[in-house]
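**Q** with the sequence up front, the predicted model follows.
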Amino acid sequence: MKIQGRNAVLELLKTGKNIDKILIEKNPQGSLNAIFAEARKKNIRVQFVDRKALDRESEDKRHQGVMAFSTDFEYASLDDILGATEVNDGLIIVCDGIEDVHNLGSVIRVAECAGAKGVIIPSNNSACVTEAVIRISAGAAQHMPVVKVNSLTHAVDRLKKSGYWLYALEADGQSVYDTNLSGNVALVIGGEDSGVRRIIKEKCDFTVSLPLKGKVNSLNASVALGIAAYEVLRRRLEK
């Protein structure tokens, strides 16, 4: 797997995951020097190359002068994230059909910043964790456990049995600000066009919405998630 971009490579270096080599543009400036120094500490092979060489390796030319070659992304298991939950402090994000890599990368970044235990995605009809997702997440995907499941309905059932309350973020729910968000919380966000599927929504304990005062009737999935996740966090910090 190729990981490109300064923040993404720096975060990868912090994880201790296997890195085969790093390509850095010749005559490095700024944070590229920090990447080189960190790679030397970890005895990772570094090659200084012309920018054209990086352009050839990068599909979108957004490498920012650095690219790391790592093993494929390692998904976590559902047991991993459920085992990380302490009493009433769990926050898990469930993605029901997020197909756009930009949205998934942003969702993972929000989840990591808000202190979520993990992100769950289905194996079908969903973006998976690619180099683009890692870059868009600003490296957060290197720290956030992402679980890919064959059956999202079964995963939701496991969450409920493990003491999680499930909240579907949809337009027809009660205001998130008027909802009890205590205990272990799983926020469920739907696809860009279809929203949360009926079969998943029916398994949720609550449907919650964000008040919209403008002429546009919806928010981007990652933006909506950010508002809801930080409302959960705000209430916990106030205790």
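**A** That came in fine, so what should we check first? Residues are numbered from 1 along each chain as shown.

**Q** burial measure for residue 17, as a count.
**A** Applying other CB atoms under 10 Å, we find 14 residues neighbouring residue 17. Bear in mind the C-beta positions are built from the backbone N, C-alpha and C, glycine included.

**Q** and if you look at residue 177?
**A** 13.

**Q** what's near enough to touch the residue nearest to residue 148 when sequence neighbours are not counted?
**A** Closest residue to residue 148 apart from its sequence neighbours, by CB to CB, 6 or more residues apart in numbering: residue 75 at 4.8 Å. By CB atoms under 8 Å, 6 or more residues apart in numbering, residue 75 lies in contact with 129, 146-148.

**Q** CSV for those, including distance to residue 167 and pLDDT?
**A** Converted to CSV, the contacts of residue 75 look like this (distance: CB to CB, whole Å; pLDDT from 0 to 100):
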residue, distance to residue 167, pLDDT
129, 24, 89
146, 20, 96
147, 18, 96
148, 22, 92
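
**Q** what is the most widely separated pair among those?
**A** Farthest apart among those by CB to CB are 129 and 147. That separation is 10.7 Å.

**Q** neighbour count for those two, which is higher?
**A** Remark: of residue 129 and residue 147, residue 129 carries more neighbours, 24 against 20, as counted by other CB under 10 Å.

**Q** hang on, that one packs against residue 73?
**A** Yes: if you go by CB atoms under 8 Å, residue 129 and residue 73 touch, sitting 4.5 Å apart.

**Q** mutual contacts of those two, please.
**A** The contact lists of residue 129 and residue 73 share 141, 146, where a contact means CB under 8 Å, 6+ apart.

**Q** neighbouring contacts of the one helix or strand in the chain whose mean pLDDT sits lowest?
**A** Here the helix or strand of the chain ranked lowest by mean pLDDT, DSSP states H and E is helix 131-136, holding a mean of 87. Helix 131-136 is contacted from outside by 1-5, 8, 12, 60, 62, 73, 101-102, 104-106, 108-109, 127, 141-142, using CB under 8 Å, 6+ apart.

**Q** CA atoms of that helix as PDB?
**A** Taking Å, rounded to 0.1, in the frame of the first residue of the first chain, the C-alpha atoms of helix 131-136 are listed here in PDB:
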ATOM      1  CA  GLU A 131      -4.400   5.100   0.300                       C
ATOM      2  CA  ALA A 132      -6.800   7.900  -0.600                       C
ATOM      3  CA  VAL A 133      -8.900   7.300   2.600                       C
ATOM      4  CA  ILE A 134      -5.700   7.300   4.700                       C
ATOM      5  CA  ARG A 135      -4.600  10.600   3.200                       C
ATOM      6  CA  ILE A 136      -8.000  12.300   3.500                       C
END
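
**Q** what is the subsequent helix or strand relative to that helix?
**A** As assigned by DSSP states H and E, the chain's next helix or strand after helix 131-136 is strand 146-149.

**Q** and that next one, what other elements does it pack with?
**A** Packed against strand 146-149 by the contact rule (3 or more CB pairs under 8 Å, 6 or more residues apart in numbering; DSSP states H and E) you find helix 78-83, strand 118-122.

**Q** lowest-confidence stretch among these?
**A** Among these, helix 78-83 carries the lowest mean pLDDT, a mean of 92.

**Q** in that helix, which residues are buried?
**A** By neighbour count on 16 or more other CB atoms under 10 Å, the buried set for helix 78-83 is 78, 81-82.

**Q** these two touch, right, residue 141 and residue 107?
**A** No: at 10.1 Å, residue 141 does not count as touching residue 107 under the criterion of CB under 8 Å.
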